[in-house]
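# predicted model, plus sequence, below.
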Amino acid sequence: MKKIITSVLCASIAFPAFAIIEFTDNLSLSGFGSTSWAKSDNDNPLIITRGFTDENCYDCDTTFGVQLDYFYNSFKASVQVVKPPQYDWSEPQLEWAYLGYEFNDLDVSVGRLRLPLFLASEYYYVGQAYMTARPPTEVYNSVLGITAFNGIKVNWTHDVSDEATLLLSPFVGIKDKNDVEFNSSTKLEFETNRMFGANLQLSGEDYRWNISFLDSNFDQTVKIKNIGSLPTDNNQHIQLWSLGAEYEFGQAIFASEGQISDFNSSMYASLGYHLGQFTPYLVYGAQFDANEHLNGNSYLIGVDYDVLPNVSINGEIQYFEAHKSRGAFIEDFSSLNTFDDKDAMLYTVMLSFVF
């Protein structure tokens with residue numbers, strides 16, 4: 001039950017249970033981080049927000065975050081600042097900052113909030129909460145690493161039975177800007193005009209189901225180094241649906257998710273088996289274009305070792321294939337490399353922790 005329980009703890013407003021500093025009974029500080037050695041056998045950059053190549057990389061996955069939580073009766077406030085993998089230490093990002101209030105079965109939050117799309121969205125940067133070193137890239141990179149929005153979210157909780165709980169979270173976003181470092185020479189700037197959606201989760205002692213819907217209108221600007229900004233594409237539209245589930249059967253854990261949008265679709269399926277402090281696992285992922293043609297897929301084998309209750313090490317080997325397009329490979333306009341080698345092996349050793 002370790003992973004599902006940890007997931008619920010993290011999603012329930014990160015992890016006050018792991019807080020290293022409790023300033024008062026109502027105010028606490030917690031944090032998390034991940035770092036790795038990773039190397040591909042292909043010189044074409046691999047995985048957006050990471051950019052793995054055939055050179056040893058010790059900071060492609062580096063993540064560090066701190067979170068301050070305040071509770072007083074039904075009122076709460078939370079701020080989380082993260083150094084994501086794609087940004088330097090000098091560019092920390094405000095991942096969320098919101099005020100919330102609980103009354104009866106409702107929990108209302110206003111401010112900068114986490115975008116609730118997938119099973120691991122609420123604890124996206126907390127590597128210790130994953131079975132794998134990274135969330136499966138086929139699904140979790142389908143929105144180009146955008147994880148937050150400005151607006152309001154309402155959580156309605158209902159106990160379906162003594163063993164099952166339903167959580168419904170409608171949300172509305174207001175005007176907002178998000179930048180994505182697409183590759184070493186290209187930045188994408190998204191300006192949200194409007195956004196709305198909903199997330200529905202059904203959870204029990206050994207399972208979780210997740211269904212999400214997102215509808216957004218946005219303007220997109222491409223900025224290329226040494227060239228400048230290309231003309232803005234105004235009033236772009238995305239509608240995304242996702243469905244996921246995770247189950248534990250004794251020592252075995254199974255998880256699968258899929259998403260479909262106006263631009264692409266993707267899925268993954270994973271299977272792990274708890275052996276004391278070790279959890280070996282297998283993952284298959286695939287991504288498709290808007291016409292349901294296979295763009296790329298991957299096969300992963302790895303093991304998660306729990307060094308301590310709050311520290312884990314992952315060792316992985318992952319094989320990527322590109323088909324009709326570049327798959328998980330990143331198109332880098334500044335590179336002179338030709339895209340002839342359409343597969344890659346990626347090797348990873350990852351250390352993750354929470355405090």
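Good, I have the coordinates. Numbering: from 1, shown residues only.

# all helices of this structure, in order?
Counting by DSSP state H, the chain has helices at residues 2-11, 137-140.

# residues making contact with the last one?
This points to helix 137-140. 47-48, 118, 120, 124, 134, 242, 244, 257-259, 266-268, 285-287, 296-298, 328 (C-beta atoms under 8 Å, 6 or more residues apart in numbering). Yep, even glycine has a C-beta here, placed from its N, CA and C like the rest.

# filter those residues down to the ones in strands?
The strands, defined by DSSP state E, take in 242, 244, 257-259, 266-268, 285-287, 296-298 from the contacts of helix 137-140.

# show me which pair in those is furthest apart.
Gly244 and Gly296 (20.0 Å; C-beta to C-beta).

# how close does Phe353 get to Gly127?
8 Å (C-beta to C-beta, to the nearest Å).

# more neighbours: which of those two?
More neighbours surround Gly127 than the other of Phe353 and Gly127, with 25 against 20 (other C-beta atoms under 10 Å).

# quick one, strands of the stretch 51-200 of the chain?
Per DSSP state E, counting those that start in this stretch, the stretch 51-200 of the chain carries strands over the ranges 63-72, 75-83, 93-103, 106-114, 148-159, 165-173, 176-181, 186-204.

# so what does the last one touch, helix or strand wise?
The one in question is strand 186-204. Secondary-structure packing of strand 186-204 (3 or more C-beta pairs under 8 Å, 6 or more residues apart in numbering; DSSP states H and E): strand 148-159, strand 165-173, strand 176-181, strand 207-224.

# which of those strands has the lowest mean pLDDT?
Looking over the helices and strands packed on strand 186-204, mean pLDDT reaches its minimum on strand 176-181, with a mean of 82.

# give me the sheet partners of it and which way each runs.
If you go by DSSP bridges, strand 176-181 pairs up with strand 186-204 (antiparallel).

# output the strand it pairs with as PDB - backbone C-alpha positions only.
Backbone C-alpha positions of strand 186-204 (Å, rounded to 0.1, in the frame of the first residue of the first chain) are rendered in PDB as follows:
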ATOM      1  CA  THR A 186      13.100  27.600 -28.700                       C
ATOM      2  CA  LYS A 187      10.700  28.900 -26.000                       C
ATOM      3  CA  LEU A 188       6.900  28.600 -26.200                       C
ATOM      4  CA  GLU A 189       4.800  31.200 -24.500                       C
ATOM      5  CA  PHE A 190       1.200  30.400 -23.800                       C
ATOM      6  CA  GLU A 191      -1.300  33.100 -22.700                       C
ATOM      7  CA  THR A 192      -4.500  31.600 -21.400                       C
ATOM      8  CA  ASN A 193      -7.600  33.600 -22.300                       C
ATOM      9  CA  ARG A 194     -10.000  31.300 -20.500                       C
ATOM     10  CA  MET A 195     -10.000  27.800 -19.000                       C
ATOM     11  CA  PHE A 196     -12.400  25.500 -17.200                       C
ATOM     12  CA  GLY A 197     -12.600  21.800 -16.400                       C
ATOM     13  CA  ALA A 198     -13.200  19.200 -13.700                       C
ATOM     14  CA  ASN A 199     -11.500  16.300 -12.000                       C
ATOM     15  CA  LEU A 200     -13.300  13.300 -10.500                       C
ATOM     16  CA  GLN A 201     -11.500  10.800  -8.200                       C
ATOM     17  CA  LEU A 202     -12.900   7.600  -6.600                       C
ATOM     18  CA  SER A 203     -10.500   6.100  -4.100                       C
ATOM     19  CA  GLY A 204     -10.500   3.200  -1.700                       C
END
